[in-house]
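# Provide a 3D model corresponding to the input given below.
(one chain, ligands or ions: 2)
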Amino acid sequence: MTMKTNRSIFTAISILGICSASYATQIFDTGSNGSLATAINLDPYFSSEFVANITSSTTVPHATATRTFGGATQYDWFSFSATSGSSILLDVDNGMFDFDPYLRVYDSGSSSITANDDGHAGDLGSAHGYDSYLPFTATYTGLYFVEVSVYVHGMIGAGQNYDLHVSVQDHVAPGVPDSASSALLCGLGLLSLLGFRARSKRA
Ligand SMILES: [Ca+2]
Ligand SMILES: [Ca+2]
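Numbering: from 1, shown residues only. Ligands and ions are numbered 1, 2, ... in the order given. Now for the predicted structure:
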């Protein structure tokens, strides 16, 4: 393979990376959230950008937590605020076939509120019915805590990845949709690739 071919492939892969789907409201799990006390708070990441894998994404604010390869072996904890009476939806995507996800929801005093194993009922983003999907109504105003584990209560290990989408009716949505910036970067990347190919032809 020539150096030119290598560079073309590298450039193309870079552009694909830039142009691939991302969530403005996405936070990456760094493995530091192995307990309720260290839960990652998702409140700053809520937005109403369109995400195909999230039910009613443009009308109900949502945030996404993504665990990526290499994460610590642990339970993953997240928190978010909700107002009493608000509809909440927890939606695990891309869990199965890495693992069989199980969700548990607690209040700040570690009292169990609700849980779900295999609620996925055909929404986008899940390839298998073992993904969790948990709608419920907030019974108080304050913080809610979500623990993600492997069925039935095992720790999640390296290589077991997923997206957890949290949608909360009437949540403030400080997250800024990244659609415009992604489109700009994607366009600049494509232009640079076209320029590189033009220079290669003249060489
Ligand atoms: Ca989904
Ligand atoms: Ca499950």
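
# Tell me the span between the first and last residue of stretch 70-79.
22 Å (Cα to Cα, to the nearest Å).

# State the mean pLDDT of it.
Stretch 70-79 shows a mean pLDDT of 89 in the predicted model.

# Secondary structure element holding F28?
Using DSSP states H and E, F28 falls within strand 26-29.

# what are the ranges of the strands in the chain?
Secondary structure of the chain (DSSP state E): strands located at 26-29, 40-41, 62-67, 76-82, 87-93, 101-106, 112-116, 133-137, 142-150, 162-168.

# Please name whichever of those strands is nearest to S48.
Among the strands of the chain, the nearest to S48 by Cβ to Cβ is strand 62-67 (7.4 Å). Where C-beta positions appear, they are placed from N, C-alpha and C, glycine not excepted.

# Any residues of the chain in contact with ligand 1? List them.
Neighbours of ligand 1 within the chain, by Cβ under 5 Å from the ion: N53, D91, D93, D123, G125.

# For the first one, which residues are in contact?
Applying Cβ atoms under 8 Å, 6 or more residues apart in numbering, one finds that N53 lies in contact with D91, D93, D123, L124, G125, D163, H165.

# how far away is it from Q74?
As for N53, its distance to Q74 is 25 Å (criterion: Cβ to Cβ, to the nearest Å).

# okay, now Y144: neighbour count?
Y144 has 24 neighbours, counted by other Cβ atoms under 10 Å.

# rewinding a little: among the residues of the chain next to ligand 1, name the buried ones.
When burial is judged by neighbour count using 16 or more other Cβ atoms under 10 Å, the buried members of those are N53, D91, D93, D123, G125.

# From those residues, pick the one nearest G31.
Using Cβ to Cβ, the shortest approach to G31 within these belongs to D93, at 19.8 Å.

# what separates the closest residue to the closest one other than its chain neighbours from S110, distance-wise?
Closest residue in space to D93, ignoring its immediate chain neighbours: G125 at 3.1 Å, by Cβ to Cβ, 6 or more residues apart in numbering. G125 sits at a distance of 29 Å from S110 (criterion: Cβ to Cβ).

# How about V166?
Applying Cβ to Cβ to V166 and S110 gives a distance of 19 Å.

# In terms of neighbours, single out the busier of these two.
When neighbours are counted by other Cβ under 10 Å, V166 comes out ahead of the other of V166 and S110, with 26 against 10.

# Which pLDDT does the model give the spatially closest residue to L89 that is not a sequence neighbour?
Closest residue to L89 apart from its sequence neighbours, by Cβ to Cβ, 6+ apart: S167 at 4.2 Å. In the prediction, the pLDDT value recorded for S167 is 98.

# Give me the neighbour count for S167.
Under the neighbour criterion other Cβ under 10 Å, S167 is assigned a count of 26.
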